[in-house]
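below is the sequence, then the predicted model.
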Amino acid sequence: MKHSVNALILSGYGLNCDNETAFAFEQAGARAERVHINALISGQKTLEDFHILAFVGGFSWGDDHGAGVIQAHRMKTRLGKDMVAFVERGGLVIGICNGFQTLVNLGLLPGIDGDYATRSVALIANDCGNFRDDWVTLAVNTASPCVFTKGIASLDLPIRHGEGKFFCEPDILAALAANSQVVMRYADESGAPAKGRFPQNPNGSVDDIAGICDTTGRVFGLMPHPEAYNHPTNHPHWPLQKEKAVRSGQSPVFAFPTDGIRLFLNGVDFVKTEVS
């Protein structure tokens, strides 16, 4: 069934990627609305009016007590039941960078066995000891149920984080692997596993994990920023690719959609075809 897809883009204290994320969803064909966290808490806006909920990047509440901790606490105590109900009725959730950190603190990820309340994984300080602002190559697990990565085997995306190291205990890691919930891993330029090597794995994540989903594939969190790759000229190799084309007598090709927009397109298309 074809219909308008409504995406709620969270905004609020310290968040700074809401405009880019809204733009990315609009490029993918959704109606994106930036909504302040307080508007949800007060009831001025309700999740029932939306198909997709996006937790965006930034530094919510300055990350003063850990990345995403205060945002998660505030939303869980005031909107916890509403968010679980949103997921259970088929809504899509994407958490990017600080949004991913918030989702794991909320317990919405990894959502093993439908448990959306228990915190069982963490995103902690980068092993390199500093903030990383770079581009990474990602290998996508095509066996994953993740809605957002359907039909994608690899992609390049930018990162910018200081607390992006994915960590969990061995039993949780085994469960994630068994359920194909590990959606994407850091890789080298050929697509081979990073195997913990820096800077291909920029933060020391266990098993090179860059993104995971819940068991339904409808809740997805990742550290890289797909919304920041919304035009071909965002990619650092674009000038080189353009020059190679010019020197070979060809016209530069501006490929669209970009790797980043493809993720949003998958989410929007899923709602159009699967949600009544």
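Here it is on my side, so go on.

so which residues of this structure form helices?
Applying DSSP state H to the chain gives helices spanning 18-27, 37-42, 69-88, 98-106, 170-178, 238-247, 259-274.

would you tell me which one of these is buried the most?
With neighbours defined as mean count of other Cβ atoms under 10 Å, the helices of the chain peak in mean count at helix 98-106, which reaches a mean of 27. Every residue, glycine included, has its C-beta placed from N, CA and C.

what packs against it?
Contacts defined by 3 or more Cβ pairs under 8 Å, 6 or more residues apart in numbering; DSSP states H and E place helix 98-106 against strand 52-55, helix 69-88, strand 92-96, strand 121-124, strand 219-222.

so for that helix, what's the average pLDDT?
Confidence over helix 98-106 (mean pLDDT, whole number) is 98.

go ahead and confirm residue 150 touches residue 265.
No: counting by Cβ atoms under 8 Å, residue 265 is not a contact partner of residue 150; they are 9.7 Å apart.

picking up where we left off before, dump the helices and strands packed on helix 98-106 to JSON lines, plus distance to residue 155.
Compiled in JSON lines, the helices and strands packed on helix 98-106 are given as follows (distance: least, Cβ to Cβ, whole Å):
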{"stretch": "strand 52-55", "distance to residue 155": "18"}
{"stretch": "helix 69-88", "distance to residue 155": "25"}
{"stretch": "strand 92-96", "distance to residue 155": "14"}
{"stretch": "strand 121-124", "distance to residue 155": "20"}
{"stretch": "strand 219-222", "distance to residue 155": "11"}
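
nearest to residue 261, of those?
strand 92-96 (13.1 Å; Cβ to Cβ).

any idea of the angle that closest one forms with helix 98-106?
110 degrees (axes from the mean of the first three to the mean of the last three Cα atoms, to 10 degrees).

what lines up beside strand 92-96 in the sheet?
strand 52-55 (parallel), strand 219-222 (parallel) (DSSP bridges).

among the ones you listed, which comes closest to residue 137?
When these are compared by Cβ to Cβ, strand 219-222 sits nearest residue 137, at 13.7 Å.

run the chain-centre distance for the closest one.
5 Å (Cα atoms, centre = their mean, to the nearest Å).

which residues touch it?
Contacts with strand 219-222, where a contact means Cβ atoms under 8 Å, 6 or more residues apart in numbering, come from 55, 87, 92-97, 99-100, 103-104, 108-109, 111, 146-149, 183-184, 210-213.

I'd like to know the average pLDDT value across it.
Averaging pLDDT residue by residue across strand 219-222 gives 98.

hang on, the earlier thing: same list (the helices of the chain) but as a markdown table, adding distance to residue 135.
A markdown table is the format used below for the helices of the chain (distance: least, Cβ to Cβ, whole Å):
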| stretch | distance to residue 135 |
| --- | --- |
| helix 18-27 | 16 |
| helix 37-42 | 30 |
| helix 69-88 | 26 |
| helix 98-106 | 18 |
| helix 170-178 | 25 |
| helix 238-247 | 11 |
| helix 259-274 | 11 |
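
looking at the helices and strands packed on helix 98-106, which is nearest to residue 270?
Per Cβ to Cβ, nearest to residue 270 of those: strand 92-96, 6.8 Å.

any idea which of the helices of the chain scores lowest on pLDDT?
Looking at those, the weakest mean confidence is helix 238-247, a mean of 86.

and that one, C-alpha only, in CSV?
The C-alpha coordinates for helix 238-247 follow below in CSV (Å, rounded to 0.1, in the frame of the first residue of the first chain):
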residue,chain,number,x,y,z
TRP,A,238,35.2,12.6,-5.2
PRO,A,239,37.8,15.1,-6.6
LEU,A,240,40.1,12.2,-7.5
GLN,A,241,37.3,10.3,-9.3
LYS,A,242,36.3,13.5,-11.1
GLU,A,243,39.8,14.1,-12.3
LYS,A,244,40.3,10.6,-13.5
ALA,A,245,37.1,10.9,-15.5
VAL,A,246,38.2,14.2,-17.0
ARG,A,247,41.7,12.9,-17.9
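
gap between residue 120 and residue 145?
To residue 145, residue 120 is 18 Å away according to Cβ to Cβ, to the nearest Å.
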